[in-house]
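S.K.: I need the structure of the sequence given here:
(2 chains)
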Amino acid sequence: MTNSQALRRESPAVGAARTLVPYVVAVLAAFAAVGILLALMGFDVMRAYATILGTSFRTPNGFVQTLIKWVPLVLQALAFTVPLAAGKFNIGGEGQMIVGGIGAAAVGITFSDLPLPLLLPLVMMAGMAFGALWVLGPAWLLYRFNINEILTTVLMNFVAFQLIDFVATSIWPDPAAGHPTTLPIGAGGKLPLLIAHPPLHSGILIAILAAILVYVYTDRTSAGYELLATGANPRASRVYGIKVRRMFFLSLLIGGALAGLAGAIEVSGVHGRLIEGFHSNFLLLGIIVGLIAKGNNAAVPFVALFIAILEVGASAMQRTMAIPGEMVFIVEALILIFVLLTDVVRRR
Amino acid sequence: MADTPLINFASLVMMAVVPYLLASQGTMLAGRTGLFIVSQEGVMLVGASVGFLGAYLFDSLAAGMVLAMLAGGLFGVALAYFTTNLKMDQFVIGLALFFLGLGLSSLLFKIVVGVTLQPPIIPTLDRLPIPLLSEIPVLGPILFDQNILVYLSILLSLFLYFFLYKTSTGLSLRAVGENPKAADSLGVSVTRWRYATTIIGSMLMGLAGAYLPMVYTGTYTDGIVRGRGWLAIALTFFGGWSPQGILLGSFFFALVEILALRVQVTDIGLPHQFLRMLPYLATILVMVFAFRRVRAPAFLGQNYDRESRTSS
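M.R.: Predicted coordinates for the structure are as follows:
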């Protein structure tokens, strides 16, 4: 075996290591920083970290919880990374998810008698359509007047918070619920279970499919290449005949549809109804996932899985050790900052 | 006395101006050196949490304010370091710091206070009527019978106007945001100005956050800022990145906020949720006009690399 052969055989591994090492360093640094904080507060750091990282793998229930969390997380992350590929920031995934959920609930309640093969696709499509609709305003303002999309998308979140409150208290309220909640959607609108015990809904298949489609679109088609080119250098792209503003518009609409789909899956697969606050903090976590993955859509599902593991561990830690769950949010934000820092180190 | 409700309403608007004004002037100041802060919402939450805790633990609102400004300042140091020294993307690191602030504010409160159903309460900021002036009919109670931060934030705006447009130091500062290369070649330190304005700007955001528990709620709750940080960015555009424009615009933002709260009490047939959407929808609407009229600092959002030939 000659030297060059050895090099050639080694290079993929070396390449993978070179990509992964900064991530490992960033994760370790974030855990170390928060570990010091936990120790100062008098908590058992090792037990806390064992809970955070281990809960997902200790019981079947923990593992299924992680998968269920992964679904909206990966969709929210993609709702952020698709516009990001075109250089645009969609911070409105929360509103798009909520309104997608409203659309899904509206269809699921109104046509509750339809059989599953008809109603379920309608519910999912309504979620995507409503999610896209919610970003239509910001996308159009960006297209027509070049108005900063960060602001308009984020402001639409606050509008959505009021809209869901209205829908859940005034249009289809469930008087039996103590919290703003709608009536349940029809049985045909609910995602079938893949596993009965512990219950795992089939929305995970939709999320996997969406992740693959997004990856193929952005990384394997010429239309997706135009999107990436727009993000990399809008001026040069315009010179080459790419309709840059149209790409901005399109990317935001795709993002809105993905976030809306997340909302529809939560309504159809997890709750079976619309519950105020169901959007949780998936937007923020999704953005963190997207930024940690540096917009790489092939990496997004894996980063999302890691964050889902942390999140499930965080709730367990809060339950059993009375450590505030926000601690894990700090870990996640720090991982992001450290990943960005390793980039700086590598550039030098 | 038929005009008393109206005076009361106008007085509430004056009170509501403060958080917008402080956060927006902070955004403007850093933006004028080319640094676009997008972590307002997070920094304001930290300011609210730290400000409340400081006031609660030291039994002094002033201590709370100082601590909130220090906490905000730390975020400013981080943002300035990451963007000027390490040349990280301003939006990305700004968002990361927003997340950090979001987590920290809630965490700090839970660590110090614990999880309780009955959170501790701090006294709210007293009114400080100005002798003689507050006696003027109508205008007196609206303008001169307010808490100290109302006066200070308006004085700050006037000072910033004078500083930015009437002093040569202010001219240097503005040059950094318009043409850093030219400013650099004239011996104006781009880095130093960006540090200074980002730290001061973030301190103002911290104070803006501390204002909320100290004037409205008397305690800290998650989500107390309710988008005011994001609205402050919009206000900065709306005010044309100038202190005087922001001062005028802040009255509009405060008016819409109070309107949305007030009208809901005096039922006009529209569901209250739609009135609560008003501040956000109105902001989007005014931005349509603001963006076409306004020119932001030329170098806004871009990092300066003195060795690069293209960043002119």
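
S.K.: Need the three-state assignment for B:R306.
M.R.: Under DSSP: H, G, I helix; E, B strand; the rest coil, B:R306 falls in the coil class.

S.K.: show me what contacts it?
M.R.: Each residue near B:R306 by Cβ atoms under 8 Å, 6 or more residues apart in numbering or on different chains is listed here: B:181, B:184, B:190. Using the backbone N, CA and C atoms, a C-beta is placed for each residue, glycine as well.

S.K.: Torsion angles phi and psi at the last one?
M.R.: Per-residue torsions, B:V190: phi -60, psi -50 (degrees, to the nearest 10).

S.K.: give me the low-pLDDT residue ranges for chain A?
M.R.: Filtered on pLDDT under 70, chain A yields the residue ranges A:1-11, A:347-348.

S.K.: element containing the spatially most central residue of it, please.
M.R.: Central residue of chain A (Cα atoms, centre = their mean): A:Q76, 2.4 Å from the mean position. Per DSSP states H and E, A:Q76 falls inside helix A:60-85.

S.K.: other SSEs contacting that helix?
M.R.: Based on contacts counted as 3 or more Cβ pairs under 8 Å, 6 or more residues apart in numbering or on different chains; DSSP states H and E, the elements that helix A:60-85 packs against are helix A:45-58, helix A:93-110, strand A:200-201, helix A:203-220, helix A:222-232, helix A:244-265, helix A:282-292, helix A:300-321.

S.K.: before we move on, back to that, going by distance to A:T221, which of the contacts of B:R306 wins?
M.R.: B:K181 (40.0 Å; Cβ to Cβ).

S.K.: Enumerate every residue touching residue 74.
M.R.: Just going to use chain A. Contacts for A:V74 were tallied using Cβ under 8 Å, 6+ apart; they are A:207, A:210-211, A:286, A:289, A:300-301, A:304.

S.K.: let's do chain B instead
M.R.: Taking Cβ under 8 Å, 6+ apart as the test, what B:L74 contacts is B:S202.

S.K.: and the helix or strand where it lies, which residues are buried?
M.R.: Under the assignment given by DSSP H and E, the secondary-structure element containing B:L74 is helix B:61-80. Counting neighbours by 16 or more other Cβ atoms under 10 Å in any protein chain shown, one finds that the buried residues in helix B:61-80 are B:61, B:63-69, B:71-76, B:78-80.

S.K.: Name the next helix or strand downstream of the lengthiest helix in chain B, please.
M.R.: In chain B, ranked by residue count with DSSP state H as the criterion, the top helix is helix B:4-31. Per DSSP H and E, the first helix or strand lying C-terminal to helix B:4-31 is helix B:40-58.

S.K.: Quick one: list the elements packing against that following helix.
M.R.: For helix B:40-58, the packing partners by 3+ Cβ pairs under 8 Å, 6+ apart come out as helix B:4-31, helix B:61-80, helix B:90-113, helix B:190-212, helix B:228-238.

S.K.: Mind putting these into JSON lines with mean pLDDT and distance to A:S237?
M.R.: Compiled in JSON lines, the helices and strands packed on helix B:40-58 are given as follows (pLDDT from 0 to 100; distance: least, Cβ to Cβ, whole Å):
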{"stretch": "helix B:4-31", "mean pLDDT": "94", "distance to A:S237": "27"}
{"stretch": "helix B:61-80", "mean pLDDT": "98", "distance to A:S237": "30"}
{"stretch": "helix B:90-113", "mean pLDDT": "93", "distance to A:S237": "20"}
{"stretch": "helix B:190-212", "mean pLDDT": "97", "distance to A:S237": "29"}
{"stretch": "helix B:228-238", "mean pLDDT": "93", "distance to A:S237": "26"}
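
S.K.: wait, which of the ones you listed is closest to A:N281?
M.R.: Smallest distance to A:N281 across the helices and strands packed on helix B:40-58 (Cβ to Cβ): 8.7 Å, for helix B:90-113.

S.K.: Now do the next helix-or-strand element following that closest one: everything it contacts.
M.R.: Tracing the chain C-terminally past helix B:90-113 and defining elements by DSSP H and E, one meets helix B:139-143 next. Under the contact criterion Cβ under 8 Å, 6+ apart, helix B:139-143 has outside partners B:7, B:10-11, B:14, B:133-134.

S.K.: Quick check: the gap between the residue nearest to the centre of chain A and A:G131.
M.R.: As defined by Cβ to Cβ, to the nearest Å, A:Q76 lies at a distance of 11 Å from A:G131.

S.K.: list the residues that contact both of the two?
M.R.: What both A:Q76 and A:G131 touch, as defined by Cβ under 8 Å, 6+ apart, is the set A:97, A:258-259, A:262.

S.K.: Same list (those residues) but as TSV, adding distance to chain B.
M.R.: Formatted as TSV, the shared contacts of A:Q76 and A:G131 follow (distance: Cβ to the nearest Cβ, whole Å):
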residue	distance to chain B
A:M97	17
A:L258	19
A:A259	17
A:A262	19
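
S.K.: Got a quick PyMOL command for the buried subset of the residues you listed?
M.R.: To isolate in PyMOL the members of these that are buried, counting by 16+ other Cβ under 10 Å, one can use:
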select buried, chain A and resi 97+258+259+262
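
S.K.: How about the contacts made by the closest residue in space to B:G101 that isn't next to it in sequence?
M.R.: Here the nearest residue to B:G101 in space, its sequence neighbours aside, is B:G42; by Cβ to Cβ, 6 or more residues apart in numbering or on different chains that works out to 2.6 Å. The neighbours of B:G42, taking Cβ under 8 Å, 6+ apart as the test, are B:75, B:97-102, B:105, B:229.

S.K.: which one of the residues you listed is nearest A:P173?
M.R.: Lowest distance from A:P173 to the contacts of B:G42 (Cβ to Cβ) belongs to B:L102, with 30.4 Å.
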